[in-house]
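sequence plus predicted model, see below.
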Amino acid sequence: MLAQMTVMPLPRLPCDSLARIAGLQVDDDDATRLKAMGICVGRQVQLVRAGDPLIVRILGARIGLSARLAEGVSVEPI
């Protein structure tokens with residue numbers, strides 16, 4: 001079981017795990033792109049498939065993210 005309040009990059013989250021987005025460490029253009037897809041601080045996300053691209057489920061939608069972009073998304077497992 002993952003410890004509460006452990007912040008990690010999104011790609012390190014085990015598959016099928018739920019997490020809350022804790023922060024975005026990306027440039028402004030990438031942050032705008034992520035927010036447009038619904039990837040915002042405080043939102044719940046589930047890693048569906050690891051790899052490049054990795055697949056996440058957020059707000060009921062499945063979204064593909066490049067591994068580079070996903071590394072800039074910090075999450076806290078829940």
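Everything's here; your move.

what's the longest helix in the chain?
The residue-count maximum for a helix in the chain (DSSP state H) belongs to helix 28-36.

contacts for the next helix or strand after that helix?
Toward the C-terminus, helix 28-36 is succeeded by strand 44-49 as the next helix or strand (DSSP states H and E). Outside of strand 44-49, the residues within contact range by Cβ atoms under 8 Å, 6 or more residues apart in numbering are 10-11, 13-21, 39, 54-58, 62, 75, 78. Where C-beta positions appear, they are placed from N, C-alpha and C, glycine not excepted.

same thing but 7 Å
Outside of strand 44-49, the residues within contact range by Cβ atoms under 7 Å, 6 or more residues apart in numbering are 10, 13, 15-21, 54-58, 62, 75.

next, the buried residues of that strand.
In terms of neighbour count (16 or more other Cβ atoms under 10 Å), strand 44-49 has its buried residues at 45, 47.

average pLDDT for it?
Throughout strand 44-49, pLDDT has a mean value of 96.

and the next helix or strand past it?
Proceeding C-terminally, strand 44-49 gives way to strand 54-58 as the next helix or strand, assigned by DSSP H and E.

could I get the pLDDT score of the residue positioned nearest the centre of the chain?
Nearest to the mean C-alpha position of the chain, by Cα atoms, centre = their mean, lies residue 10 at 4.4 Å. The predicted structure scores residue 10 at 96 on the pLDDT scale.

how much space separates it from residue 73?
Distance check for residue 10 against residue 73: by Cβ to Cβ, to the nearest Å, it reads 4 Å.
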